[in-house]
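1. How does the following fold in three dimensions:
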Amino acid sequence: MEASRSEISAADEREEVTYASVKFSQTPSPRAKAPQEKRAPSLLSAVLKGLAIGFGVLSVLLAIALIWKASDCHPACPEQCVAYRGSCYFFSTEKKDWNSSRESCRAQGAHLLVISDTWEKDLFKHIRPKYFWIGLRNRSSSGWIWEDGSVLSDPKVQSNSAVQNCAVLMEGLFHASSCEVMAQWICEKALR
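-> Below is the predicted model:
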């Protein structure tokens, strides 16, 4: 029996050694941390993607609404016009000099475009053609005068010659031009 006791105690020692070599750690292994660390950024990323998509959809819907509203011509306006803030705007497809353009507008019961505020100026900033006649003319004694008789409040008309007495709107800026230059134009007719 002695032999079997020593075998048992040797087996116990081996078990003790086996159990003694196993160590449990309080901190999770690096592999266990990875899913938790990845979860937070992916949640933030998903929220940001959702917001970006939401703002994108909202922007598209607003653009469609504005285009639809701008193209919704008032019944009193002729066809091929744009209605905006109580006026009809007609865009020519042909080119004429400033005086002929003005006469063409008058024949329609309208006048060359008179820009009364920055909202109206911004409306025409990005249209094609790049430049077009507007109802602004330089009267040397009075300065730049609009077709409706009002004086240009912002006298920044870019000019490089004294014979340039008519104005075009080019990419949101007023430029002086010779009145004989051929250009397209915009007529404006008030609905009131």
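2. after the strand ranked longest in the chain, next one along is what?
-> Among the elements of the chain assigned as strand by DSSP state E, the one spanning the most residues is strand 131-139. Scanning forward in sequence from strand 131-139, with DSSP states H and E defining helices and strands, the next element found is strand 143-146.
3. partners of the helix or strand just after that following strand in the sheet?
-> Next in sequence after strand 143-146, counting helices and strands by DSSP H and E, comes strand 166-170. When sheet partners are counted by DSSP bridges, strand 166-170 sits next to strand 131-139 (antiparallel), strand 173-177 (antiparallel).
4. Can you name the residues in contact with the last one?
-> Right, strand 173-177. The list of residues contacting strand 173-177 from outside it, by CB atoms under 8 Å, 6 or more residues apart in numbering, reads 98, 131, 134, 136, 138, 144, 152, 156-161, 164-169, 183. C-betas here are computed from N, CA, C, even on glycine.
5. how about it: buried residues?
-> Neighbour-count burial for strand 173-177 flags 174-177 (criterion: 16 or more other CB atoms under 10 Å).
6. Nearest to residue 191 among the residues you listed?
-> Looking at the buried residues of strand 173-177 and their distance to residue 191, the nearest is residue 174, at 25.3 Å (CB to CB).
7. ok, that closest one to residue 134 distance?
-> Between residue 174 and residue 134 the distance, using CB to CB, to the nearest Å, works out to 8 Å.
8. now swap in residue 175 and tell me
-> For residue 175, the distance to residue 134 equals 10 Å [CB to CB].
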